[in-house]
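Student: predicted structure and sequence below. I'll ask about it afterward.
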Number of protein chains: 2
Amino acid sequence: MKRKVFFISDRTGITAEMFGQSLLSQFENVAFDETTIPFIDTIAKAEEACQVIKKAEQESGLRPIVFDTIVTPEIRQIIQASGALVLDFFHTFIGPLETELGETSGFRVGKTHSLSDEEAYDHRIEAVNFSLNNDDGVTTRHYDKADVILVGVSRCGKTPTSLYMAMQFGIKAANYPFTEDDMEKLRLPIDLKKHKSKIFGLTINPNRLHEIRTERRANSRYASLKQCQYEVREVESLYRREKIPNLNTTSRSVEELAAKILATTGIKRSVF
Amino acid sequence: MKRKVFFISDRTGITAEMFGQSLLSQFENVAFDETTIPFIDTIAKAEEACQVIKKAEQESGLRPIVFDTIVTPEIRQIIQASGALVLDFFHTFIGPLETELGETSGFRVGKTHSLSDEEAYDHRIEAVNFSLNNDDGVTTRHYDKADVILVGVSRCGKTPTSLYMAMQFGIKAANYPFTEDDMEKLRLPIDLKKHKSKIFGLTINPNRLHEIRTERRANSRYASLKQCQYEVREVESLYRREKIPNLNTTSRSVEELAAKILATTGIKRSVF
């Protein structure tokens, strides 16, 4: 029987999920069955959630685990009374912070992901739009406004990484693909050369690239292992020649790539 | 003087940031100066980070606050010795979980955002690609594969919401804009009607829409307040007529919108 896990929040539940996931990932030998219950912001909803937890215990015969990020004490208490192992994010850390800061916490629900800072929000949406409008080399006209320009072969992970950087950090990330036509004596196109300090290279294991491209266009020249090996070799040699900082995407998540790019380039995020 | 805050992690720092941000947002009257130090995965790097923290204390005369999600005990201890108020995510919660599960934690660095589950990762990238390929009504051919189809007027927040749902939850979210041409006797286009159960509407305050569109195309008919009011009125009336569930994006973050859409529709996320 899988161990039942609940992520409970008075808002979106995203913090509770991340909080719980990071901890559960340390227990590889246990199977979990996870449910998110967001927007528990009234006593009535909390009591309903409490019933769901109790029912899960009856059905599985195992005490459920609850990760909560509930701000309001009255609502938190109801969840506490569910009989589950409740790991309570706010209650645990707000006390020490209040002491340190000599301030009482606002106990305000939904500060985390609400539009508390409209400017930061606008900035983020602007960055997402920038990344979309400057995706895949569609245009190179706006590179003067870019914070970073990701380059690499087709399907090496440029688009998701640019979008993630825009969404999470408010960074204006353009991206430019080296196409097959670029490969012979690969050089930096003039539009990229002008903005060389902003360029960051991505590369990938040719076998993995072959797999990815095969899913998209099986049995094409584009997807052939030989072509993948050729393109990756040429691009990596360009990175060396031009001293372009670069990362291999093969076994890295989008989050890792984005964080490493920030750490390497020193680009400042505009959104926390 | 702003209170110096550090988010320190042996991986990307994203969990540490979220953890710290949710708590700091409860203290509205305190000004914080935040720095993320990711990839602290060796003793040497930890000692370097420790020096940075100590220097911040000397410069500001205030004890810094550290939020860390470091898994390895030896590295954590070095950060603990920095003299800062260290709020330690793993150390706090791993103990109770180990007791509950009767299992020892793996103390494995980087489980959270690493590619531990390649299948989930592929699924997420697939969802992001789906959302990009089905953005802004570019095509309606793949709606049978969509998990949700967001509809609304131009610039009401469809694209960032679809991308966020894809990125965060692995949900295939297409989106379709009602254009000015659609407005007269607004009906659901036939391709949408076929997939009505998947449709979710977004709407927005006309004044806010006017602001957003003005930034994009000032003094155009498209951006005029009158046009914005007209489009929003027509679209909201369509939602009522067709009983399309909908949300107002004006004062909601992308995270909130995504979580509410999931809660309302019952769509299951494929990625945690």
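Tutor: Great, that's in hand.

Student: which residue ranges form the helices in the stretch 101-250 of chain A?
Tutor: A:118-133, A:158-169, A:180-183, A:190-193, A:206-216, A:225-242 (DSSP state H, counting those that start in this stretch).

Student: now do the third one, average pLDDT.
Tutor: Pointing back at helix A:180-183 there. In this model, helix A:180-183 carries a mean pLDDT of 84.

Student: what residues are up against A:F39?
Tutor: Residues in contact with A:F39 (C-beta atoms under 8 Å, 6 or more residues apart in numbering or on different chains) are A:S9, A:D10, A:R11, A:T12, A:G13, A:K45, B:A259, B:K260, B:A263. C-beta coordinates here come from the backbone N, C-alpha and C atoms, glycine included.

Student: pLDDT-wise, which helix or strand of chain A ranks last?
Tutor: Within chain A, confidence by mean pLDDT, DSSP states H and E is lowest for helix A:118-133 among all helices and strands, at a mean of 77.

Student: distance between that helix and the chain's centre?
Tutor: Relative to the centre of its chain, helix A:118-133 is centred 16 Å away, using C-alpha atoms, centre = their mean, to the nearest Å.

Student: by proximity to chain B, which residue of the stretch 151-272 of chain A wins?
Tutor: A:A259 (3.6 Å; C-beta to the nearest C-beta).

Student: break chain A down into its domains, please.
Tutor: Domain segmentation of chain A under the TED database yields A:3-101, A:115-265.

Student: the shortest one: end-to-end distance?
Tutor: One end of domain A:3-101 to the other measures 38 Å (C-alpha to C-alpha, to the nearest Å).

Student: so which strand or helix has the spatially most central residue of chain A?
Tutor: By C-alpha atoms, centre = their mean, the mean C-alpha position of chain A lies nearest to A:E255, the distance being 4.5 Å. If you go by DSSP states H and E, A:E255 is part of helix A:254-265.

Student: what's next to that helix, contact-wise?
Tutor: Outside helix A:254-265, the residues touching it (C-beta under 8 Å, 6+ apart) are A:148, A:150, A:157, A:160-161, A:164-165, A:168-169, A:171, A:200, A:202, A:245, A:247, A:249, A:252, A:267, A:269, B:11-14, B:36, B:38-39, B:113-114, B:124-125, B:167.

Student: and the strands in the stretch 51-200 of chain A, which stretches?
Tutor: Using DSSP state E, counting those that start in this stretch, the strands found in the stretch 51-200 of chain A span residues A:65-68, A:85-88, A:148-153, A:173-178, A:199-203.

Student: for the stretch 1-150 of chain A, give me the ranges with low pLDDT.
Tutor: A:107-121 (pLDDT under 70).

Student: right, is the least confident helix or strand of chain A up against chain B?
Tutor: Yes. Helix A:118-133 lies within reach of chain B by C-beta under 8 Å from any C-beta of the partner chain, at A:Y121, A:R124, A:I125, A:V128, A:N129, A:L132.

Student: give me the buried subset of the residues you listed.
Tutor: A:Y121, A:R124, A:I125, A:V128, A:N129, A:L132 (16 or more other C-beta atoms under 10 Å in any protein chain shown).

Student: what about the fourth one, distance to A:N134?
Tutor: Counting by C-beta to C-beta, to the nearest Å, the separation of A:V128 from A:N134 is 11 Å.

Student: find residues that contact each of the two.
Tutor: What both A:V128 and A:N134 touch, as defined by C-beta under 8 Å, 6+ apart, is an empty set.

Student: and A:E103, what does it touch?
Tutor: B:F27, B:N29, B:V30.

Student: now it: phi and psi?
Tutor: Main-chain torsions, A:E103, degrees, to the nearest 10: phi -130, psi 150.
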